[in-house]
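# The following block contains a protein sequence and its predicted model.
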Amino acid sequence: MTPKRDGADWLARARRWARAIKTDVVALYLAARDPRVPLAAKLVAGLVAAYALSPIDLIPDMIPVLGYLDDLLIVPLGILLAVRLIPSDVMADLRVKARERAERPVSRLAAAAIVILWILGFALVVRMMVPNGT
């Protein structure tokens with residue numbers, strides 16, 4: 001194969017992977033509400049979906065390297081764990097339902113939790129930098 005062909009193949013594989021990730025995130029969102037899914041899997045699926053669907057990242061993308069770490073490692077690893085906890089027939093059904101959905105849900109609760117974590121982290125840094133009032 002020619003180098004250009006290899007590049008096109010890689011890009012096509014990356015696009016398929018990205019679509020699969022998006023479908024699985026929505027499927028996990030649905031899994032967190034599905035009575036066929038065991039409780040532990042619901043908790044993991046709910047946390048992963050909430051974080052992935054949050055409009056705010058825990059680590060902003062503008063931070064070099066670390067900003068994309070959650071998108072490239074944390075979310076896919078969370079998806080893998082959650083998918084393993086969900087029975088395969090149920091996950092297959094949820095993937096079909098996820099593909100049929102016209103819109104992607106948004107997790108405002110997760111966004112609020114991330115903002116609270118940022119505020120607490122900022123307060124902790126300020127507390128560590130300000131000397132005691134003695």
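Now that the structure is in, tell me what you want to look at. Worth saying up front: this structure is predicted, and the values here are computed from it rather than measured.

# for the record, mean pLDDT for the lengthiest helix in the chain?
When the chain is parsed with DSSP state H, its longest helix is helix 3-31. Averaged over helix 3-31, pLDDT sits at 79.

# Looking at the residue nearest the centre of the chain now. What's its pLDDT?
With distances taken as CA atoms, centre = their mean, the residue of the chain nearest its centroid is residue 52 (2.6 Å). On pLDDT, residue 52 comes in at 85.

# Go through the longest helix of the chain and flag the buried ones.
Buried residues in helix 3-31, counting neighbours by 16 or more other CB atoms under 10 Å, are found at 23, 24, 25, 26, 27, 28, 29, 30, 31. The C-beta positions use only the backbone N, C-alpha and C, and glycine is treated the same way.

# Repeat that for stretch 72-83.
74, 75, 76, 78, 79, 82, 83.

# now what about the helix or strand hosting the last one, what contacts it?
Same thing as residue 83. Element membership for residue 83, per DSSP states H and E: helix 75-85. Helix 75-85 has contacts (CB atoms under 8 Å, 6 or more residues apart in numbering) with 21, 24-25, 28, 31, 38, 40-41, 44-45, 47-48, 51-52, 91.

# same deal with stretch 14-32?
With CB under 8 Å, 6+ apart as the criterion, stretch 14-32 contacts 37, 41-43, 45-46, 48-49, 52-53, 75-76, 79, 82-83, 86, 90-91, 94-95, 97-99, 101, 104-105.

# what about 7 Å?
37, 41-42, 45-46, 48-49, 52-53, 76, 79, 82-83, 86, 91, 94-95, 97-99, 101, 104-105 (CB atoms under 7 Å, 6 or more residues apart in numbering).

# Cheers, nothing more for now.
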